[in-house]
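**Student:** Quick one, fold the following:
(one chain, ligands or ions: 1)
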Amino acid sequence: MLVPHESSAGCTVPSGTMLLVNTWAIYRGILRWEDPMKFKPERLFDLEGKKEGSFVMMPFGYGRRGCPGENMVLRVVGLVLASLIQCFEWERLDWEMDRGLRCPRLNRS
Ligand code: HEM
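**Tutor:** Predicted coordinates for the structure are as follows:
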């Protein structure tokens, strides 16, 4: 969910209505994608720069109350990621999110 908002003037909803944007559902695109629970970031590539792509993924919210830190974060996040990759040893775990988030390492005695 995004931060709750309240409509200051009546439009399709009366003024004073609390508005909650369900980004969980938007991100999984239940109605849009064939297999919404699979992690497939490549399906967003075609939408890059297109207007219809704006509302498919909006981690910073949107419009007047959208996150003012967005531009800064998008510049910094590459540096953070690069630092993490450089400073730690990474390995792939043999588990899949589709199988109920069970990590084999956690099951070891
Ligand atoms: C990965 C980093 C960040 C994410 C994912 C993020 C995400 C968000 C989201 C989803 C909102 C609510 C937007 C809405 O309800 O429409 C928000 C609001 C806000 N964010 Fe961020 N943010 C991040 C970093 C930052 C940073 C670095 C700053 C400041 C330097 C910042 C300052 C703010 C402020 C002030 C608001 C309130 C805007 C308003 O209500 O008018 N955020 N952010």
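**Student:** which strands and helices sit next to the lengthiest helix in the chain?
**Tutor:** Of all segments of type helix in the chain, defined using DSSP state H, the longest is helix 70-87. Here helix 70-87 touches no other helix or strand, going by 3 or more CB pairs under 8 Å, 6 or more residues apart in numbering; DSSP states H and E. Glycine gets a C-beta too; all of them are placed from N, C-alpha and C.
**Student:** Identify all contacting residues around that helix.
**Tutor:** Residues from elsewhere that reach helix 70-87 (CB atoms under 8 Å, 6 or more residues apart in numbering): 60, 67.
**Student:** And the pLDDT for residue 56?
**Tutor:** pLDDT recorded at residue 56 is 72.
**Student:** And residue 99, by the same measure?
**Tutor:** 56.
**Student:** about what we covered before: how about the longest helix of the chain and the ligand, any contact?
**Tutor:** Yes - using CB under 6 Å from any ligand atom, we find that helix 70-87 touches the ligand at 72-73.
**Student:** List the buried residues of that helix.
**Tutor:** Using 16 or more other CB atoms under 10 Å as the burial criterion, none of the residues of helix 70-87 qualify.
**Student:** tell me the mean pLDDT for it?
**Tutor:** For helix 70-87, the mean confidence score works out to 94.
**Student:** Please save the CA atoms from that helix in CSV.
**Tutor:** In CSV, the C-alpha atoms belonging to helix 70-87 read as follows (Å, rounded to 0.1, in the frame of the first residue of the first chain):
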residue,chain,number,x,y,z
GLU,A,70,12.9,9.7,-6.5
ASN,A,71,15.5,11.4,-8.7
MET,A,72,18.1,11.2,-6.0
VAL,A,73,17.4,7.6,-5.2
LEU,A,74,17.6,6.5,-8.8
ARG,A,75,21.0,8.1,-9.1
VAL,A,76,22.3,6.6,-5.8
VAL,A,77,20.8,3.1,-6.0
GLY,A,78,23.3,2.0,-8.7
LEU,A,79,26.2,3.0,-6.5
VAL,A,80,24.7,1.2,-3.5
LEU,A,81,24.2,-2.0,-5.5
ALA,A,82,27.7,-1.8,-7.0
SER,A,83,29.1,-1.4,-3.4
LEU,A,84,27.2,-4.4,-2.2
ILE,A,85,28.3,-6.6,-5.1
GLN,A,86,31.9,-5.5,-4.6
CYS,A,87,32.1,-5.8,-0.8
